[in-house]
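> sequence first, then the predicted structure, then my questions.
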Amino acid sequence: MKRLAFLAVSLLVLAVPSLRAVPAEWTNPFPPFRIGGNLYYVGSQDLAAYLIVTPQGNILLNSNYVSSPAQIRQSIEKLGFKLRDTKILLVSHGHYDHAGGSAEIKRLTGARYEVMDGDVSVVETGGRTDFQFAHDKSMWFPPAHVDRELHDGDTVSLGGTTLTAHKTAGHTKGTTTWTMDVKQSGKTLHVLILGSPNVLDSYKLVDNPTYPHIADDFRAEFATLKALPCDIFLSSHGSAFDLQSFYDRLQKHDPNPYPSNRDYQAYVAERESAFEANFKRQQASRK
Ligand SMILES: [Zn+2]
């Protein structure tokens, strides 16, 4: 019996390689819904995933945590679509909470995995070449082969819909902000899906041997973000644009349901000052 119990535990550990305690918001389900046009929300309470539906198959943006694909599949099916119609898989960036389920999504769908240059080796090694977490097993995730390496400004097109990949590096070397247009109530609206402007607590912004240009990249990112058009503000984490309030406004048929350009600019400005304050602190304490 003991041996069996040990085997069961070993199998569990093998199945879920990340040992990190996962915030409940990552696995709490969230009702899937139509954002606008052919764009749908299929993520959890905080880990955002988006489905773009076209006549030639669908694009999935973010595979989320290693255990998320089952939930993403349920969300897609609840909306009346099929996971197996996913032709292209994209990610916001190569961390275990956005790219952790990619190997499984690829296995289930055969989708082409298209990833920004700076994050290709990170997702192909399951986090083992990440500039910060290469030696932190709790941040590793199942590796997945990349079928197309993207560069700043590249587009991804399927069935009449085009997404543009904006390299907004710093959080990772290949963090990507995605933009696309949706047609909603006779208008064309610019959708922006933010990659991540966040400086994690452990990040060295000054004299970083594994990412020497990290501060320059963050500054270039903020310049890019401030210049991008945005009528609908979305992000890799629901908390960034207050997913719950957005959903509630849609349910109540609010005439202006979308997280707006003003929300977006305020969020980016706040993240930029947090970065600059952190940079100043690190520079002051440099030996
Ligand atoms: Zn991240």
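Received it, and whenever you're ready, just let me know what you need.

> quick one: G174 and G57, what's the gap?
24 Å (C-beta to C-beta, to the nearest Å). For every residue, glycine as well, the C-beta is placed using N, CA and C.

> ranges for the helices of the stretch 101-250 of the chain?
Assigned by DSSP state H, counting those that start in this stretch, the stretch 101-250 of the chain shows helices spanning 102-109, 120-124, 214-227, 238-241, 243-251.

> so who does T176 touch?
Applying C-beta atoms under 8 Å, 6 or more residues apart in numbering, we find T176 in contact with 90-93, 116, 119, 150, 165-168, 195.

> quick check: bridge partners of the nearest residue to S157 once chain neighbours are set aside?
Spatial nearest neighbour of S157, excluding adjacent residues (C-beta to C-beta, 6 or more residues apart in numbering): L163 at 7.7 Å. Taking DSSP bridges, one obtains V156 as the residues bridged to L163.

> tell me how many other residues crowd L163.
By other C-beta atoms under 10 Å, 23 other residues sit near L163.

> same question, R286
Neighbour tally, R286, other C-beta under 10 Å: 8.

> quick one, the lengthiest helix in the chain and helix 243-251 angle?
The longest helix of the chain (DSSP state H) is helix 261-284. Helix 261-284 and helix 243-251 are oriented at 170 degrees to each other (axes from the mean of the first three to the mean of the last three C-alpha atoms, to 10 degrees).

> what's the average pLDDT for helix 261-284?
The average of the pLDDT scores along helix 261-284 is 97.

> and the closest residue in space to D147 that isn't next to it in sequence, how many residues sit next to it?
Excluding the flanking residues, the one nearest D147 by C-beta to C-beta, 6+ apart is R112, at 4.3 Å. Neighbour count of R112, defined by other C-beta under 10 Å: 17.

> shouldn't D154 be in contact with A165?
Yes: D154 is within contact range of A165, at 5.0 Å (criterion: C-beta atoms under 8 Å).

> okay, the two: which has more neighbours?
More crowded of D154 and A165, by other C-beta under 10 Å: A165, with 23 against 17.

> ok, now which ones touch R249?
256-257.

> can you rerun that using 7 Å?
P257 (C-beta atoms under 7 Å, 6 or more residues apart in numbering).

> again with F246
Here F246 is in contact with 257, 259 (criterion: C-beta under 7 Å, 6+ apart).

> now do L205
Neighbours of L205 in contact, by C-beta under 7 Å, 6+ apart: 199, 214-215, 278-279, 282.

> at 8 Å what do you get?
Per C-beta under 8 Å, 6+ apart, neighbours of L205: 199, 214-215, 218, 275, 278-279, 282.

> report the two of those residues separated the most.
Greatest spacing in the contacts of L205, by C-beta to C-beta: F218 and Q282 (12.1 Å).

> between those two, which has more neighbouring residues?
F218 (26 against 17).

> and the residue nearest to the more buried one when sequence neighbours are not counted, how many neighbours?
In space, and not counting its chain neighbours, F218 is closest to G170: 3.6 Å by C-beta to C-beta, 6+ apart. For G170, the tally of surrounding residues (other C-beta under 10 Å) stands at 26.

> quick one, what contacts G170?
Applying C-beta under 8 Å, 6+ apart, the residues near G170 are 197, 199, 214, 217-218, 220-221, 275.

> let's see it at 10 Å
93, 195-199, 203, 205, 211, 213-222, 275 (C-beta atoms under 10 Å, 6 or more residues apart in numbering).

> list the buried ones in the longest helix of the chain?
261, 263-264, 267-268, 271-272, 275-276, 278-279, 282 (16 or more other C-beta atoms under 10 Å).

> and the strands in the protein?
Assigned by DSSP state E, the chain shows strands spanning 33-36, 39-41, 50-54, 57-61, 86-90, 112-116, 148-150, 155-158, 161-167, 176-184, 187-194, 232-235.

> show me the shaky parts of this protein.
1-20, 287 (pLDDT under 70).

> give me that answer again for 90
The model of the chain has pLDDT under 90 over residues 1-22, 184-185, 286-287.

> how much space between the closest residue to D46 other than its chain neighbours and N64?
Excluding the flanking residues, the one nearest D46 by C-beta to C-beta, 6+ apart is E25, at 3.6 Å. Distance, E25 to N64, by C-beta to C-beta: 12 Å.

> quick one, which of these two is more surrounded?
Comparing E25 with N64 by other C-beta under 10 Å, the one with more neighbours is N64, at 29 against 15.
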